[in-house]
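Colleague: generate coordinates for the sequence data below:
(2 chains)
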Amino acid sequence: MPDTASPEAPPAPPPSQDAQAARPLPAAQVVMAVALAWLVPGLGHVYLKRAVRGLIFFALVMISLGIGCSLQGNLYRPMQGQWLSYLATFGEIGTGVPYFVLRYGLHYDGRQEAAGFEYGTAFLLTSGLMNLLLVLDAWDIASGQKE
Amino acid sequence: MLSHFLLMVVYALLVSLFFTTLWRRERRAQIVLFLQLFFGMVGGGLIVAWLMYPFPPGPPAPIP
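Modeller: Numbers count the residues shown, from 1 in each chain, chains lettered A, B, ... in the order given. This is a model prediction of the structure:
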């Protein structure tokens, strides 16, 4: 069979790694990535074959959580009549399993009299909000909206 | 560990590293964004602190 391609035509470039990565995953894998990303900080990225970034995210979220606990920051829980506590609880539950380990496993509650209470609360809230952003990032990557 | 400035620097460091890793892929772009975020937060905090300096502190908050 004769070769019909002209010798001047450049060969088609192979699909780039970005284009391959931007391919959306099946719905079940998207749900799995999002669930893992919420449960353990960075695990969603590890599941999506971005292990180094996942480990960096895990370290950053856990360091923030550890500093918040060492400063005796507030681990929020919903309080009747204080709607901001619901919002703050949602933010801190964003940390996933570590929140429940602290709350129910270690019975951590924070100490309002501690000198670092406000700073610790900021660190704890930040760790939860960072992980919520990681959940959204895992969603974007798994659904092909982001490389 | 309870130095206000040290805690602010540690906080800025963590948040800057997080967003740098989240938003940028290339090493050079990561460094640029990290420096912008880190010094933006630390510098911004110092400027706000300096602006608040003339205002007298209120009474300490009661501990419930």
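Colleague: where does chain B dip in pLDDT?
Modeller: Within chain B, the ranges that satisfy pLDDT under 70 run B:1, B:63-64.
Colleague: what's the longest helix in it?
Modeller: Longest helix of chain B, by residue count under DSSP state H: helix B:27-52.
Colleague: same deal with chain A?
Modeller: Max-length helix for chain A by DSSP H is helix A:117-142.
Colleague: picking up where we left off before, just checking, what packs against the longest helix of chain B?
Modeller: In terms of contacts (3 or more Cβ pairs under 8 Å, 6 or more residues apart in numbering or on different chains; DSSP states H and E), helix B:27-52 is packed against helix B:4-23. Where you see a C-beta, it was placed from the backbone N, CA and C, and this is true even at glycine.
Colleague: re the thing from before, just how off-centre is the longest helix of chain A within its chain?
Modeller: How far helix A:117-142 lies from its chain's middle: 7 Å, per Cα atoms, centre = their mean, to the nearest Å.
Colleague: how about stretch A:37-44?
Modeller: Worked out by Cα atoms, centre = their mean, stretch A:37-44 lies 5 Å from the chain centre.
Colleague: hmm, it touching chain B?
Modeller: No: against chain B, stretch A:37-44 shows no contacts by Cβ under 8 Å from any Cβ of the partner chain, the least distance being 10.2 Å.
Colleague: end to end on that stretch, go ahead and measure it.
Modeller: Terminal residues of stretch A:37-44 are spaced 4 Å apart (Cα to Cα, to the nearest Å).
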